[in-house]
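[1] Provide a 3D model corresponding to the input given below.
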Amino acid sequence: MAPSPFDPAVVDAVGRVFGAHHGRGAAPSAAWGIFDRDGLAHFGSTGALPSGASPHRDTAYRIASCTKSFTAAAVLSLRDAGRLSLDDPLTRFMPGFGSVRLPTADAPVPTVRMLLTMSAGFPTDDPWADRQESITAGQLDELVESGLGFESVPGTRFAYSNLGYALLGRIIDVAAGAPYRDVIRDLFLEPLGLTGTGFDSSVADGAELAVGQRWIDGSWQPLPLSGPGAFSPIGGLFSTVTDLSRWAGWLAEAFAPGDDRNDESDRAAPDPLSSASRREMQQLQRYAAGATHPLGYGLGLFVEPTSSDESVISHSGGYPGYSAHMRWSASAGYGIIAFENATYSRVSVPAAEAFQLLAGARPPAAATLWAATREAQQRVTGLIHRAAAEAHRAGGDRLTAPDAEADADRASLDLFAMNVALDDSWERRRAAIERAAAEIGGLLPVPAVPPLPSPAGAVLAADEESTGPAHLVWFVPGRAGRLRVEIQLTPHAPPQVQSLIVSADRVTADRP
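    Below you'll find the model as predicted:
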């Protein structure tokens, strides 16, 4: 494991979060990891395994529904290979589904896409599905052909469905011409070196397994292991903090700037799934109605947009005797992996709290672009003040001949992209700024600009607005109002201002 790039104080705080959860009796043991795009950066654990030993980074836990990300990735790999289309109906792979009575006469047969995005119309089926893992493919076919219930027309709304992911497993069987578990092994586990990950406890490979337990009659009682079987695609994998950090980091790596992504020419084998398809997994595909904050499902992953340029990607897992959670920043590529070996322990709660500690301590991937926007803000503000000062000295009339300060302004025009002068001349822009400044009684002196907090990122003042790191709206105070200033930077490096809009914003006595 490489040296941790994270602040030791933050790492210690993360440990205290998980320690407090364990101290409340959540589970016999807990193991967690902080990771980035390169994999596990820091490991921690608390509690004890049956032998009395502490969990280590290669102790195997069941990851439960985090398995769905592997299932979705396999479907996309088969799509990329031309073996299926996301808009194929389920009946292409399971003809027996044709006997299922759909909820309305005009309802479509669920498609691969609907199954992936939890919008096939099936009702939520926790915890029933957790007990189905070991059934055979034939038994799954019989279950389907005996009839299914729907709570909505396929393709119209989100409802978390384990059954849908079991059906994806059958689709993978048929499209790949090989058993689902072999496909996952061949596509991802072996190429990515996930040697501690698999569909039965043998992946522990002589190391001690974190045996799943449940608090019964005043003590922790071990629970029998299920599977593998036809429902393994919903949650059957065992894994370790090391391996799941590598998997999540590899998914997050798809958003790294091109120069930061591993070059395929340096790899022993081509990437098992393209960066484009991995990014597709992490895009919001179906909004989860009823959520208390913006949240939806991508492809095998939950997606939580937290700003215009950032999403948090996650998935929880709960199985008899186990709780798991993985969560990361799409833009910055850091995150948390957490396991506990107890039923209903809800390790997602401390994992989300720990992630917030990381989010407060790590600058976003767009920090460089934000820094450029902030620099442009300061330079544009200076230009506006100089233009307003010229107008004041000239008795309010726009100057027609450049003086020393105007020359200085022109020397600063490397700040602006070439389209700015074409979209509106500098003379007209200067006149508009002068008029707007006069409309609000002139500008107040330039305030001292304090250093930005660290990390700078998207820290906005109360009256600022932004739709992303290359866009900013701010206000320049005047004697009887303020100027509203809006800029948008170009996509090339180094960025330049491509759009500049300045207008008067009168402030009344009862308006902040």
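[2] The protein: helices as residue ranges?
    8-23, 68-80, 112-116, 137-145, 162-176, 180-184, 232-235, 241-252, 275-281, 348-361, 367-393, 404-411, 418-423, 426-439 (DSSP state H).
[3] How far off centre is the fourth one?
    Yep, that's helix 137-145 we're talking about. Its chain's average C-alpha position is 35 Å from that of helix 137-145, according to C-alpha atoms, centre = their mean, to the nearest Å.
[4] What average pLDDT does that helix get?
    On average, the pLDDT along helix 137-145 is 96.
[5] picking that back up, how about the helices of the chain, which one is nearest Trp128?
    Of all the helices of the chain, it is helix 162-176 that lies closest to Trp128, at 8.0 Å by C-beta to C-beta. C-beta here means a position set from N, CA and C on the backbone, and glycine is covered the same way.
[6] Now do the closest one: everything it contacts.
    65, 68, 71-72, 74-75, 78, 83-84, 90, 93-94, 110, 112, 114-116, 118, 120, 122, 125-126, 129-130, 132, 137, 140-141, 144, 148, 179-180, 183, 230-235 (C-beta atoms under 8 Å, 6 or more residues apart in numbering).
[7] cool, and stretch 181-200?
    58, 60, 70-71, 73-74, 77, 172-173, 176, 178, 203-205, 225, 227-228, 232, 236-240, 242-244, 246-247, 250, 269, 272-273.
[8] Report how many residues lie close to the spatially closest residue to Ala254 that is not a sequence neighbour.
    Nearest residue to Ala254, sequence neighbours excluded (C-beta to C-beta, 6 or more residues apart in numbering): Arg278, at 3.6 Å. Arg278 is flanked by 21 other residues according to other C-beta atoms under 10 Å.
[9] show me what contacts Arg278?
    Arg278 neighbours (C-beta under 8 Å, 6+ apart): 73, 250-251, 253-254.
[10] got those as TSV, with distance to Glu353 and pLDDT columns?
    Formatted as TSV, the contacts of Arg278 follow (distance: C-beta to C-beta, whole Å; pLDDT from 0 to 100):
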residue	distance to Glu353	pLDDT
Ala73	28	98
Trp250	25	97
Leu251	22	97
Glu253	25	96
Ala254	26	96
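[11] so what are the domain limits for this protein?
    8-48+58-361, 367-505 (automatic domain parsing).
[12] shaky segments in the stretch 351-500 of the chain?
    361-367, 390-413, 446-460 (pLDDT under 70).
[13] looking at the domains of the chain, which is buried most?
    Mean neighbour count, computed with mean count of other C-beta atoms under 10 Å, is highest for domain 8-48+58-361 among the domains of the chain, reaching a mean of 19.
[14] what about it, distance to the chain center?
    Centre to centre, stretch against its chain (C-alpha atoms, centre = their mean), the figure for domain 8-48+58-361 is 14 Å.
[15] ditto for stretch 467-483
    That offset, for stretch 467-483, works out to 30 Å (C-alpha atoms, centre = their mean).
[16] repeat for stretch 42-60
    Worked out by C-alpha atoms, centre = their mean, stretch 42-60 lies 28 Å from the chain centre.
[17] ditto for stretch 471-486
    For stretch 471-486, the distance to the chain centre is 33 Å (C-alpha atoms, centre = their mean).
[18] So what touches that stretch?
    373-374, 376-377, 380-381, 384-385, 433, 436-437, 439-444, 447, 461, 463-466, 487-489, 499-507.
[19] Which members of the contacts of Arg278 are the farthest-apart pair?
    Ala73 and Glu253 (13.3 Å).
[20] so how far is Arg279 from the nearest residue to Ala276 once chain neighbours are set aside?
    In this structure, Ala276 finds its nearest non-sequential neighbour in Ala254, 7.6 Å apart by C-beta to C-beta, 6+ apart. The gap separating Ala254 from Arg279 is 5 Å, by C-beta to C-beta, to the nearest Å.
[21] where are the low-confidence patches of the stretch 151-300 of the chain?
    In the stretch 151-300 of the chain, residues with pLDDT under 70: 258-269, 290-293.
[22] the strands in it, which residues?
    Along the stretch 151-300 of the chain, the stretches classed as strands by DSSP state E, counting those that start in this stretch are 213-216, 219-222, 238-239, 286-287, 296-297.
[23] Quick check: which of those is nearest to Gly317?
    strand 238-239 (9.9 Å).
[24] Any chance you could list what contacts the closest one?
    Applying C-beta under 8 Å, 6+ apart, the set of residues contacting strand 238-239 is 60-63, 66, 194, 196-201, 203-204, 209, 247.
[25] Recalculate using a threshold of 7 Å.
    Applying C-beta atoms under 7 Å, 6 or more residues apart in numbering, the contact partners of strand 238-239 are 60-63, 196-198, 201, 203.
[26] CSV please, covering those and showing distance to Phe339.
    Shown next, in CSV, are the contacts of strand 238-239 (distance: C-beta to C-beta, whole Å):
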residue, distance to Phe339
Ala60, 9
Tyr61, 4
Arg62, 8
Ile63, 7
Gly196, 12
Thr197, 13
Gly198, 15
Ser201, 14
Val203, 14
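[27] which one of the residues you listed is nearest Ala31?
    Using C-beta to C-beta, the contacts of strand 238-239 come closest to Ala31 at Tyr61, 6.8 Å.
[28] Settle this for me: the closest one is touching Ala338, isn't it.
    No - here Tyr61 does not reach Ala338: they are 9.5 Å apart, not a contact under C-beta atoms under 7 Å.
[29] what is in contact with those two at once?
    With C-beta under 7 Å, 6+ apart as the test, Tyr61 and Ala338 reach no residue in common.
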